[in-house]
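In: Take this sequence and fold it.
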Amino acid sequence: MEPALRYETISANGLSFQVATAGSGDRLLLCLHGFPESSYSFRHQLPSFERLGYRVWAPDLRGYGKTTRPLGVREYAVEKLEADVAGLIDAAGAREVVLVGHDWGGAIAWSFAAHAVRPIDRLIVMNCPHPVCFEKGIRRPAQLRRSWYMFFFQLPIVPELYLGARHAERVGRAFRGMAIDKSKFPDEVLSVYRDLASEPGALTAMVNYYRAMFRGFSRTRARGFPEIRVPTLLIWGESDTALGKELTVDTGRHVRDLTVRYLPNVSHWVQQEAPEAVNLLIEEWLAKNNQ
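Out: Sure, this is the predicted structure:
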């Protein structure tokens, strides 16, 4: 049975965020989802880390779900996404912050931590390479083939029509098709994502993350990526067909205190497909880093 989520509306950075919440107190575990997901992708983590004494927030990122959906590609530039995270941290008023990100949420988390937009205590990233590692990796033929969709998403309108056809059938297919344990993505789970993607303007907002990334590449490179100094955990499902494991190899060059944990026979959707293993890895690592 899928866990039921409790939602709150939280104002941050001039936007209205729908946030799945659990727990209370001043120790915040802030979870950033990926594409084409939502806060629902952390449904197995919220109750687990509430039991550990954290206040857990999993927002629908800008443009997703019931969160404000700004118009225009430039509204999805990484600086705007970082400012959203900063606004949520400010709204929480927590004394301790653990930032968690998967996929696109991981990309935002890497950049947020590198530029120290707000103080955080620990960083957890799942199946998203450090941006410098990805930039190098995408030049290789194998990763270039895996990343074909990022280039396709630069087209106007066509990606939205492609993904949105038949009530966003391809969005649902992406989860089950990439998963190793397909039982973790029954029809009722896929329906959540298909319904969200079918809302007016949702797919354009979601694809605009990729459009903004390409258009802002030179600005992002000029900004650079300072060394991340907070303890960092990288969890990687080894059977990721979108992002190769080799992208993780040089992560330690950019992170002062790095722990890497690989999960064999687990896909890109790591925290949904192997929630017990992911939660245990995070729990053990947090316990070690809280000493």
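
In: ok, the most centrally placed residue in the chain to S111 distance?
Out: For the chain, the residue nearest the mean C-alpha position is G105 (2.3 Å; Cα atoms, centre = their mean). With distances taken as Cβ to Cβ, to the nearest Å, G105 is found 11 Å from S111. In short, each C-beta sits where N, CA and C put it, glycine included.

In: for L61, same thing?
Out: 14 Å.

In: show me where the protein has helices.
Out: Along the chain, counting by DSSP state H, helices occupy 46-50, 78-92, 104-114, 131-137, 141-146, 148-152, 158-178, 187-197, 202-215, 217-223, 270-273, 275-289.

In: Kindly present those helices as JSON lines, with separate columns for distance to G25 and mean pLDDT.
Out: As requested, the helices of the chain are exported to JSON lines (distance: least, Cβ to Cβ, whole Å; pLDDT from 0 to 100):
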{"stretch": "helix 46-50", "distance to G25": "10", "mean pLDDT": "96"}
{"stretch": "helix 78-92", "distance to G25": "10", "mean pLDDT": "98"}
{"stretch": "helix 104-114", "distance to G25": "22", "mean pLDDT": "98"}
{"stretch": "helix 131-137", "distance to G25": "32", "mean pLDDT": "95"}
{"stretch": "helix 141-146", "distance to G25": "40", "mean pLDDT": "94"}
{"stretch": "helix 148-152", "distance to G25": "39", "mean pLDDT": "96"}
{"stretch": "helix 158-178", "distance to G25": "33", "mean pLDDT": "98"}
{"stretch": "helix 187-197", "distance to G25": "28", "mean pLDDT": "98"}
{"stretch": "helix 202-215", "distance to G25": "31", "mean pLDDT": "97"}
{"stretch": "helix 217-223", "distance to G25": "34", "mean pLDDT": "84"}
{"stretch": "helix 270-273", "distance to G25": "22", "mean pLDDT": "98"}
{"stretch": "helix 275-289", "distance to G25": "15", "mean pLDDT": "95"}
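
In: Bridge partners for the closest residue to V230 other than its chain neighbours, pull those for me.
Out: Nearest non-adjacent residue to V230, counting by Cβ to Cβ, 6 or more residues apart in numbering: L123, 5.4 Å away. Judged by DSSP bridges, the bridge partners of L123 are L99, T232.
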